[in-house]
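Q: sequence isn't available, so here's the structure alone:
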């Protein structure tokens, strides 16, 4: 812009050109006039030069005002061409919601970011990146118009995530590379981190060696090209009490039975909290309150019990109060409540109740409390294997197969659709089982068939085993037997079994093995569901386990594990997607997801492997999400599960630790040998930090005012001097 100062020569050139247009000619009558003009020539020349100087100065002031010269150390640096690209990285971890005074750390970060923009020169570019997990690029292309950038900044909301510093720095580098290509005029680069410097997000102790090495190399590259500035918004004496966990004591909830939950509270330094209030809220209504003593840097446990009075999806919340970080004072659990657990038992030998039925003992183990004509918590339904293809498996929470000989292609597809869509399957073997057909239709041997079994079926081992190996009780199915060796699980005799071969690099886990080392019970997640494969029979044809006292609890633990996994899918961490399947008859009408803030968004299901699958990824805020066919109502008014489902999204409790990383640790652990500027508190931030090359001069407005005054003065002089000439 300063190059336009050459335009200041225009009035002079016009003046010289005007003189050149005339040719002097002697004329007798003009001699008298020339003599009179010579007497006032000196005065007229002075007036003309003054008017020319005023007009030239008007042009100079106009150019300087538009160019906005840079103020550097109190002077004007009229050095055009150096424009800044300022990358503003705002910490998006939920510890930034800590309130100091009447504002949160995140609010103060936005204020300082706006201040940086306001005090920058015209022509500077700004990009905005959120330091979160995953990192988010809010403004990726440098914004040259401050109003556009400030609008995006004002709309930015704090997510409830943790911080991923290596991932964020990777996004920053990509933003800079794109800006260098698209905006080459931005020759100076500066990166500002507005953060509370929490050790959880900035510490390198949880980063693996490969990621750390890549992070250091990227940091060195950025430091060579850009200035790194850290603006610390944390408070060294910040304390916090958080609800760090909520667990259900039972795998599922039913009507008319108490549902127990257990919550953990943790106090972070510097002090203990005596009589900390803790509330249980059910479907938005406060149920009860307890008080618990939370030691400094320690934990306390509180237990609640609640009885649901209606089926459908419900939400329980445990909350506390009394500190400056509200986000982690809550924790939720979504609970699908049913009047009973429907289970399908497919019998490979006979119908229900027959003396030789393969499911005879299985039915008793599933519902041991149901008397003649009575109804227990679990409602088993027995069918012959020939009826499998006629049933809609979506009606059942779990399917048990007992000594089923083989499967048709249609039956295999039916089971695969059920399991991959979120169903649970237990397969007991026996005399009628044909291993080759199992491997072909359910084991993935045949092209186009999904692998539904956790292990391939090998040969039948006809050798008595008198000892079982619980493998340290590591699997949840056998964990309940820990410390109860007299329950008989370890001494149950097994006469015959099928040797199971686990695939390489699979997620299958052996829950229970034989003393010989052969797997007896194998489990694996398949799609959105789970499958348990038992290498022996469900009755006494191959073993005497059904006659042992451990048989009923073993079957119950299988059911609890499988149905409980379905409930766990309703409870996820912030940032994890919500997902589910719909019946094939559901149609193509979109679902509606309502987040904890009350915002609704349609989600259209997609067809995938014969299923109507839906997913929702915008789970950056903790709380209860409702998914339904129509606009969901409040959870406690929710229609049945088939129409509205509740999902609980909770924060990562590690972020509740507000301990900051020190300046020494920054230099030693995070950026060793890498130059950066560290401001200790936000109050100490001074304008020179915002750019070493200078900042926009406030004189631009003064220059414009001076130009306007000169224009008025020039008009006055022109009229005045013209009057003199006429009178002369």
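A: Received the coordinates, thanks. Keep in mind the model is a prediction, meaning the values are calculated, not measured. Residues are numbered from 1 along each chain as shown.
Q: give me phi/psi at residue 342?
A: Per-residue torsions, residue 342: phi -80, psi 130 (degrees, to the nearest 10).
Q: any idea how many residues pack against it?
A: Burial of residue 342 is recorded as 14 neighbouring residues (other C-beta atoms under 10 Å). To be clear about C-beta, it is placed using only N, CA and C from the backbone, and glycine gets the same treatment.
Q: tell me the contacts of the residue lying closest to residue 617 once chain neighbours are set aside?
A: Sequence neighbours aside, residue 577 is the residue nearest to residue 617 in space, at 4.6 Å (criterion: C-beta to C-beta, 6 or more residues apart in numbering). By C-beta atoms under 8 Å, 6 or more residues apart in numbering, residue 577 lies in contact with 615, 616, 617, 619.
Q: quick one: residue 577 from residue 703, how far?
A: Distance of residue 577 to residue 703, given as C-beta to C-beta, to the nearest Å: 56 Å.
Q: which of the contacts of residue 577 sits closest to residue 49?
A: Proximity of those to residue 49 (C-beta to C-beta) peaks at residue 617, which lies at 73.3 Å.
Q: centroid-nearest residue for this structure?
A: Centroid check for the chain by C-alpha atoms, centre = their mean gives residue 575 as the closest residue, at 2.8 Å.
Q: which parts of the stretch 501-650 of the chain are helices?
A: Using DSSP state H, counting those that start in this stretch, the helices found in the stretch 501-650 of the chain span residues 551-568.
Q: can you classify residue 350 by secondary structure?
A: Assigned by DSSP: H, G, I helix; E, B strand; the rest coil, the conformation of residue 350 is coil.
Q: would you agree it is in contact with residue 356?
A: Yes: with contact defined as C-beta atoms under 8 Å, residue 350 and residue 356 form a contacting pair (5.5 Å).
Q: looking at the two, which is more packed in?
A: Neighbours per residue, other C-beta under 10 Å: of residue 350 and residue 356, the larger number sits with residue 350, 16 against 10.
Q: quick one: average pLDDT of stretch 328-341?
A: Averaging pLDDT along stretch 328-341 yields 93.
Q: over to stretch 124-139?
A: In this model, stretch 124-139 has a mean pLDDT of 96.
Q: also stretch 231-247?
A: 91.
Q: now do it: distance to the chain's middle.
A: 19 Å (C-alpha atoms, centre = their mean, to the nearest Å).
Q: repeat for stretch 537-545
A: Distance of stretch 537-545 from the chain centroid (C-alpha atoms, centre = their mean) equals 48 Å.
Q: stretch 488-498 now?
A: Relative to its parent chain, stretch 488-498 has a centroid offset of 47 Å by C-alpha atoms, centre = their mean.
Q: what comes up buried for that stretch?
A: Residues of stretch 488-498 classed as buried by neighbour count (16 or more other C-beta atoms under 10 Å): 488, 489, 490, 492, 494, 495, 496, 497, 498.
Q: just name the closest of these to residue 318, please.
A: Checking the buried residues of stretch 488-498 against residue 318 with C-beta to C-beta, the nearest one is residue 489 at 34.7 Å.
Q: can you count the residues close to residue 52?
A: By other C-beta under 10 Å, 14 other residues sit near residue 52.
Q: quick one: it is in a helix?
A: Yes: applying three-state DSSP, one finds residue 52 inside a helix.
Q: quick revisit: which of the contacts of residue 577 count as buried?
A: Applying 16+ other C-beta under 10 Å to the contacts of residue 577, the neighbour count classes 616, 619 as buried.
Q: could you check the pLDDT of residue 268?
A: For residue 268, pLDDT reads 89.
Q: need phi/psi at the nearest residue to it once chain neighbours are set aside.
A: Spatially, and ignoring its direct neighbours in sequence, residue 268 is nearest to residue 240 (4.6 Å; C-beta to C-beta, 6+ apart). Torsion angles at residue 240 (phi, psi; degrees, to the nearest 10) stand at phi -160, psi 140.
Q: quick one, what contacts residue 240?
A: Contacts of residue 240 (C-beta under 8 Å, 6+ apart): 98, 267, 268, 323, 324, 325, 328, 656, 657, 658.
Q: and the gap between it and residue 281?
A: Using C-beta to C-beta, residue 240 is found at 21 Å from residue 281.
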